[in-house]
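# predicted model, plus sequence, below.
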There are 2 protein chains.
Amino acid sequence: MLKAREDAIVSSVNRLLAEKGFDAMTVDDVAADVGIAKASLYKHFVSKEELAAAAMIRVLDYTLAFIATLEAKPEVAAIDQLKAVARWTMKVQLAGEMPSLPAQNSALRVVLTANKPYIDRLIQVSGKLGAWIMAAQASGQLDRKLPPEVLLYTLFARACDPVLGLLKSTSTYSDEQITEMLLSTCFDGLAGAGPRLESV
Amino acid sequence: MLKAREDAIVSSVNRLLAEKGFDAMTVDDVAADVGIAKASLYKHFVSKEELAAAAMIRVLDYTLAFIATLEAKPEVAAIDQLKAVARWTMKVQLAGEMPSLPAQNSALRVVLTANKPYIDRLIQVSGKLGAWIMAAQASGQLDRKLPPEVLLYTLFARACDPVLGLLKSTSTYSDEQITEMLLSTCFDGLAGAGPRLESV
DNA sequence: GTCTATACACAGATAGAC
DNA sequence: GTCTATCTGTGTATAGAC
């Protein structure tokens, strides 16, 4: 029961974070969305920041679960595994379920960096993506001249790229078209793949 | 005198927006930074949103001025003009002078979209970049399969890409190295340019 | 654990004297 | 136009009854 209630809270937080962002989301919003009193919320989570942390933890858990399904197919090339992850994050975004946190809110940063469950999952995701990145570099499918770190950060950033929301709201492209175009700009750049010699 | 004072205000707003973002920046912050009373601020600008708009207008003016210097060299290829603009926006970011506005704050959006001087400049910048984008597509230097609109939005988004700040704060790369690496991921993607046949 | 009611802090904006 | 002082709304968090 308690677990189910908290799960409902996290679901509301997740959607509200995706819709309005952390700063614009109020605890009153969450309470109203869940359908309970604000004071009751604080019996489950000690602060607004912890609410956001719980939502991020759940997203990372879903991400790890998705990565696990990919790891079951080791025959797939590393580059394609990475593209599958990118496609998945875009799908989550398009569904309005990707929480967006401000990069600059320091109170939130303090709570998140002190939150071990969150950090643990972040490290796990980074490790798994990092392994694929280095494998893809080794086989020449990702740029060898760039540090893996830079490729990793860029991939993470594309999971909350504002371009996606902009295209969805101002253009007439389908979700699938948007996904494929942004996947292209991410991996092949604005220049596109173009005619290409085979890499070693 | 009045003009100089307002210019000082916009400078403070610009820097504070870059440092803390719109939501975290308070009007008290601005007043303290300028060194005047808050009430005096409101004699110059009617709201916090208008302060942000003024800062954005100035950035767009600087951008248009920079573009004008590039237009003085029509012999330069369109793709290189676009790269020069991207390099310039990254330089502004690295200098801590790129204001960052939340994509989701609706009150701010209302004010900005109703602000003709702002919209005019935005259209001017879009027009000039759009012309280069289509020229670069025509000569095969930018992906012809992607709509110009998508390329334009992606370029705009890179002007406030959080990856830059992340690399600056967690890595040991120089500003020049960071700039070149992100320019590479932007135009050539995570895959890199690689060995490439000449395009028509 | 859920509620109603409220404390507390702070930010945007204004009043009114000079 | 600048100041000090203040209003007003709102958002996080808590008290205390049930």
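Yep, it's here. Numbering: from 1, shown residues only, chains lettered A, B, ... in the order given.
# please count neighbours and contacts with C-alpha atoms only from this point.
Noted.
# what helix or strand is residue A:55 on?
If you go by DSSP states H and E, residue A:55 is part of helix A:48-71.
# touching DNA strand C at all, that helix?
No. Helix A:48-71 lies out of reach of DNA strand C by Cα under 7 Å from any atom of the strand, never closer than 14.0 Å.
# for that helix, buried residues please.
A:48-61, A:63-64, A:67, A:70 (16 or more other Cα atoms under 10 Å in any protein chain shown).
# tally up the residues packed near the closest residue to residue A:191 other than its chain neighbours, please.
Leaving aside its chain neighbours, residue A:191 sits nearest to residue B:142 (4.0 Å; criterion: Cα to Cα, 6 or more residues apart in numbering or on different chains). By other Cα atoms under 10 Å in any protein chain shown, the residues close to residue B:142 number 26.
# over to residue B:142. Which of the three states is it?
coil (DSSP: H, G, I helix; E, B strand; the rest coil).
# do I have it right that it meets residue B:136?
Yes. Between residue B:142 and residue B:136 there is a contact under Cα atoms under 8 Å: 5.3 Å.
# overlap of the contact sets of the two?
Common neighbours of residue B:142 and residue B:136, counting by Cα atoms under 8 Å, 6 or more residues apart in numbering or on different chains, are residue B:79.
# and the closest residue to residue A:19 other than its chain neighbours, what's its pLDDT?
Ranked by Cα to Cα, 6+ apart and with sequence neighbours excluded, the top spatial neighbour of residue A:19 is residue A:96, at 6.7 Å. Residue A:96 is assigned a predicted lDDT (pLDDT) of 97.
# ok, now the one 4 residues further on?
As summarised for this prediction, residue A:100 has a pLDDT of 94.
# name the element it belongs to?
Per DSSP H and E, there is no helix or strand for residue A:100.
# over to the one 3 residues further on?
Element membership for residue A:103, per DSSP H and E: none, as it lies in no helix or strand.
# same question for the one 4 residues further on.
Residue A:107 is located in helix A:106-113, with elements delineated by DSSP H and E.
# with residue A:176 instead?
Here residue A:176 is assigned to helix A:175-188, by DSSP H and E.
# over to residue A:123?
Going by DSSP H and E, residue A:123 is in helix A:116-138.
# between that helix and helix A:106-113, how big is the angle?
Using axes from the mean of the first three to the mean of the last three Cα atoms, to 10 degrees, the inter-axis angle of helix A:116-138 relative to helix A:106-113 is 80 degrees.
# which positions in chain A make contact with DNA strand D?
A:23, A:25, A:26, A:27, A:28, A:38, A:39, A:42, A:46, A:47, A:48, A:49.
# let's go with 6 Å and repeat that
A:25, A:26, A:27, A:28, A:38, A:39, A:42, A:47, A:48 (Cα under 6 Å from any atom of the strand).
# which elements pack onto the helix holding residue A:176?
Packing partners of helix A:175-188 (3 or more Cα pairs under 8 Å, 6 or more residues apart in numbering or on different chains; DSSP states H and E): helix A:78-94, helix A:162-170, helix B:175-188.
# and the shortest one, what does it pack onto?
So that's helix A:162-170. Short answer (3+ Cα pairs under 8 Å, 6+ apart): helix A:162-170 packs on helix A:78-94, helix A:175-188, helix B:148-158.
# just give me the residue closest to the centre of chain A.
residue A:159 (4.7 Å; Cα atoms, centre = their mean).
# so who does that one touch?
A:86, A:89, A:90, A:93.
# what do you get if the cut-off is 7 Å, keeping everything else the same?
A:86, A:89, A:90 (Cα atoms under 7 Å, 6 or more residues apart in numbering or on different chains).
# for the second one, which non-adjacent residue is closest in space?
To tie it back to what came earlier, the one meant is residue A:89. That would be residue A:159: by Cα to Cα, 6+ apart, it lies 5.4 Å from residue A:89.
# roughly how far apart are that neighbour and residue B:50?
Distance of residue A:159 to residue B:50, computed by Cα to Cα, to the nearest Å: 31 Å.
# again with residue A:42
Taken as Cα to Cα, the span from residue A:42 to residue B:50 is 36 Å.
# equivalent analysis for residue A:53, please.
Taking Cα to Cα, one finds residue A:53 at 33 Å from residue B:50.
# likewise for residue A:93?
In terms of Cα to Cα, residue A:93 sits 30 Å off from residue B:50.
# okay, now residue A:127: neighbour count?
Residue A:127: 13 neighbours (other Cα under 10 Å).
# that one: what's it in contact with?
For residue A:127, no residue meets the contact criterion (Cα under 7 Å, 6+ apart).
# for the record, mean pLDDT for stretch A:80-87?
Computed over stretch A:80-87, the mean pLDDT rounds to 98.
# what's that stretch in contact with?
Contacts for stretch A:80-87 (Cα under 7 Å, 6+ apart): A:70, A:132, A:159, A:179.
# what distance do you get for the second one to residue A:68?
To tie it back to what came earlier, the one meant is residue A:132. 13 Å.
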